[in-house]
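Novice: Give me coordinates for this.
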Amino acid sequence: MTKPGTYDCSPSNVRVLMKAYWSPTGWHQTPALPDEATFEKMKSAGIMFANDGLRSHDDWVARARAAAQRLTLREVRDGFLASLTNRRLDLRSALSSYIIARSLPDHPYEVTAALSRCPVCDVAAQSSADLNILNFERFKWGGVRKLDIGYIAFDLEQFERAPKLKPSEADQTLGSEIFAFIQSCPPSTTPTQLAQALKMLPGNKDERTSFIDTLGIVEILKAPEHSGFLTRFVPSAERNLPNRHYVEDGYPVCWWTAANGVSTMALLEVLALES
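Specialist: This is a model prediction of the structure:
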């Protein structure tokens, strides 16, 4: 039974959300939203939402910062670890969102001649978000738009309402095994290759790619000279990408290879795991 104030992520409800955007062949070209009665039921369950209106840059920033202040690292750590064996990807998503939002500075939107978006956080002066698509991505992959402040604000607000789980002994063991495996990979291993190889983590390659992106953001996987967000907020202007035709992985893990190893300090600080 769902506690008051939490959303109901029973499999039948999540299936409705999944079917609205995803088919056996991938994304629907046009969302297949449920009928009105089912949609209202999903809204009551906290799984789907009415369209969100335009919000200002300052509103998105304030929401993200406030949500992070209401949470603790222990809470989001537990959610992340508890997701490892059971694939509660809505719990996994919040770790990177929290690490980013807690260091996000309070700053005004500054108009510049060269940029149409904020040079600090990459948010436009006014923007809207499709909350149903964002929630779909949370449940499907553990988040995709990990550096997007609108997603971060929504993700953390939803995590507050999520039915929580505590990490089990199996979760802790699997976490340690994952990082031991990463440390054993050939030095040339890229994040894309790691996502293919990390089959001990239940789920598919896209879920593992999202998992690895999170590890870069929180600096457990860190490349020299390309900072994550563990100790400071990285302005959008500093998030350089490798100079190649196609960059599959997000900043900053796109710069990492297994030669950089695992940061034992960040692993202990963020996940309370020893390498």
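
Novice: pretty sure Pro235 is in contact with Pro119, am I right?
Specialist: Yes: contact criterion CB atoms under 8 Å: Pro235 and Pro119 qualify, at 6.4 Å. The C-beta positions use only the backbone N, C-alpha and C, and glycine is treated the same way.

Novice: mind showing which ranges of the chain have poor pLDDT?
Specialist: Flagging of the chain using pLDDT under 70 yields the residue ranges 1-4, 113-114.

Novice: Where do the helices of it begin and end?
Specialist: 11-21, 36-45, 57-70, 73-86, 89-92, 94-103, 131-141, 149-161, 169-184, 191-197, 205-217, 264-271 (DSSP state H).

Novice: just checking, Glu269 touches Leu230?
Specialist: Yes: the pair Glu269 / Leu230 is scored as a contact, 7.4 Å apart, by CB under 8 Å.

Novice: one step back: of the helices of the chain, which approaches Val253 most closely?
Specialist: With CB to CB as the criterion, Val253 lies closest to helix 205-217 of the helices of the chain, at 2.6 Å.

Novice: Turn the helices of the chain into TSV, columns for distance to Thr30.
Specialist: As requested, the helices of the chain are arranged in TSV below (distance: least, CB to CB, whole Å):
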stretch	distance to Thr30
helix 11-21	10
helix 36-45	16
helix 57-70	27
helix 73-86	31
helix 89-92	25
helix 94-103	29
helix 131-141	13
helix 149-161	22
helix 169-184	38
helix 191-197	30
helix 205-217	22
helix 264-271	40
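
Novice: closest to His226 out of those?
Specialist: Nearest of those (CB to CB): helix 205-217, 8.8 Å.

Novice: Show the secondary-structure elements that the closest one is packed against.
Specialist: Packing partners of helix 205-217 (3 or more CB pairs under 8 Å, 6 or more residues apart in numbering; DSSP states H and E): helix 89-92, helix 94-103, helix 131-141, helix 191-197.

Novice: highest average neighbour count across those?
Specialist: helix 94-103 (a mean of 26; mean count of other CB atoms under 10 Å).

Novice: between that one and helix 264-271, how many degrees?
Specialist: If you take axes from the mean of the first three to the mean of the last three CA atoms, to 10 degrees, helix 94-103 sits at 100 degrees to helix 264-271.

Novice: quick one: the residue lying closest to Ile100 once chain neighbours are set aside from Pro242, how far?
Specialist: The shortest distance from Ile100 to any non-neighbouring residue, by CB to CB, 6 or more residues apart in numbering, is to Phe229 (4.8 Å). From Phe229 across to Pro242, the span is 19 Å (CB to CB, to the nearest Å).

Novice: go on, Leu17?
Specialist: Shown here: Leu17 relative to Pro242, a distance of 34 Å by CB to CB.

Novice: try Val61
Specialist: 28 Å.

Novice: Kindly report the same for Arg70.
Specialist: Distance from Arg70 to Pro242, by CB to CB: 36 Å.

Novice: before we move on, back to that, if you count surrounding residues, which of Leu17 and Pro242 has more?
Specialist: The neighbour comparison of Leu17 against Pro242 (other CB atoms under 10 Å) goes to Leu17, with 22 against 12.

Novice: The more buried one contacts Glu137, correct?
Specialist: No: contact criterion CB under 8 Å: Leu17 and Glu137 do not qualify, at 10.3 Å.

Novice: what's near enough to touch Arg232?
Specialist: Going by CB atoms under 8 Å, 6 or more residues apart in numbering, Arg232 touches Ser103.

Novice: again with the one 10 residues further on
Specialist: Contacts here follow CB under 8 Å, 6+ apart; on that basis Pro242 touches 254-255.

Novice: Mind doing that once more with 10 Å?
Specialist: Contact partners of Pro242, counting by CB atoms under 10 Å, 6 or more residues apart in numbering, are 226, 249, 251, 254-255.

Novice: Next: Ala223.
Specialist: Residues in contact with Ala223 (CB under 10 Å, 6+ apart) are 216, 252-257, 259-260.

Novice: residues near the nearest residue to it once chain neighbours are set aside, how many?
Specialist: Spatially, and ignoring its direct neighbours in sequence, Ala223 is nearest to Trp255 (3.7 Å; CB to CB, 6+ apart). Trp255 has 22 neighbours, counted by other CB under 10 Å.

Novice: Touching, Trp255 and Asn243? I think so.
Specialist: No: applying CB atoms under 10 Å, one finds Trp255 not in contact with Asn243, separated by 11.4 Å.

Novice: Thank you kindly, that will do.
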